[in-house]
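>>> Based on what follows, work out the 3D shape:
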Amino acid sequence: MALTCKLSNNILRTTSCGYSLPEVTDIYLANYADVKTSKGSGATCGEEITSITAAVSGETLVAYHIEPAKNSTSFEDALVVEDNGNKYRTHTLTFNISGTYDACMRDNLDNLALGRYFAVVKTAEGKYLALGRLTGLEAETATLAGGGDTNGLQIVLSANVTESAIPLSGDEESGAVKQLLDAVPNA
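Prediction:
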């Protein structure tokens, strides 16, 4: 059966007055092999992640909270079209972690450089978006810098995927957002 892609709703400029602040304020990473997600229809349109759980029944999901350096974080969900007409998307997450380089920072550098992750970004508007859900994000850059304006780690995670970044259902009190936040160990 052939898949037919068609628009299913209007796309209009917003006419409401208001601020928009899509800055990423928080990042949540879980080891890719440890995560199972489900998606379903959104409240008004499209799809969203409705459930985030441990991949193995009976185990507890653990997600790690990263507070990136201010104004250092960006994500991109880009369409790639190859010469032969194949289309896919590339998810990229770039962030800096400030701080003193010590044994813990060294462990973080190696783990981020060598692991594979399911990522969720939280924007200043309180929206949660998942990246790398189907394949996991891997490091393409993991750099230690010091002595200048940049002190700490710069990390770039990316993956080729077959879906756009997908929002999480709910909020801090319900849905997939609550499941994610409940999976973060207390500091």
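>>> Start from the N-terminal end of this structure and give the helices.
For the chain, applying DSSP state H gives helices covering 103-114, 175-182.
>>> The last one - what's its average pLDDT?
Averaging pLDDT along helix 175-182 yields 96.
>>> Show me what that helix is packed against.
strand 47-54, strand 128-131 (3 or more C-beta pairs under 8 Å, 6 or more residues apart in numbering; DSSP states H and E). Where C-beta positions appear, they are placed from N, C-alpha and C, glycine not excepted.
>>> what comes up buried for the longest strand seen in the chain?
As assigned by DSSP state E, the longest strand anywhere in the chain is strand 87-98. For strand 87-98, a neighbour-count test (16 or more other C-beta atoms under 10 Å) marks 89, 91-97 as buried.
>>> quick one: buried residues of stretch 43-50?
Buried, per 16+ other C-beta under 10 Å, within stretch 43-50: 48-50.
>>> what's it in contact with?
Residues outside stretch 43-50 that contact it (C-beta atoms under 8 Å, 6 or more residues apart in numbering): 8-9, 37-42, 130, 133, 166-169, 175-176.
>>> If we use 10 Å, what do you get?
With contact meaning C-beta atoms under 10 Å, 6 or more residues apart in numbering, stretch 43-50 is reached by 8-9, 37-42, 120, 128-130, 133, 163-164, 166-170, 175-177, 179-180.
>>> out of these, which are buried?
Buried among those (16+ other C-beta under 10 Å): 37, 39, 120, 128-130, 133, 166-170, 175-177, 179-180.
>>> Throw the buried residues of stretch 43-50 into JSON lines and include distance to Leu29, thanks.
Formatted as JSON lines, the buried residues of stretch 43-50 follow (distance: C-beta to C-beta, whole Å):
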{"residue": "Glu48", "distance to Leu29": "20"}
{"residue": "Ile49", "distance to Leu29": "15"}
{"residue": "Thr50", "distance to Leu29": "20"}
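>>> just curious, which of these is nearest to Tyr101?
Distance to Tyr101 across these (C-beta to C-beta) is lowest for Ile49, with 34.9 Å.
>>> And the pLDDT at that closest one?
What the model reports for Ile49 is a pLDDT of 96.
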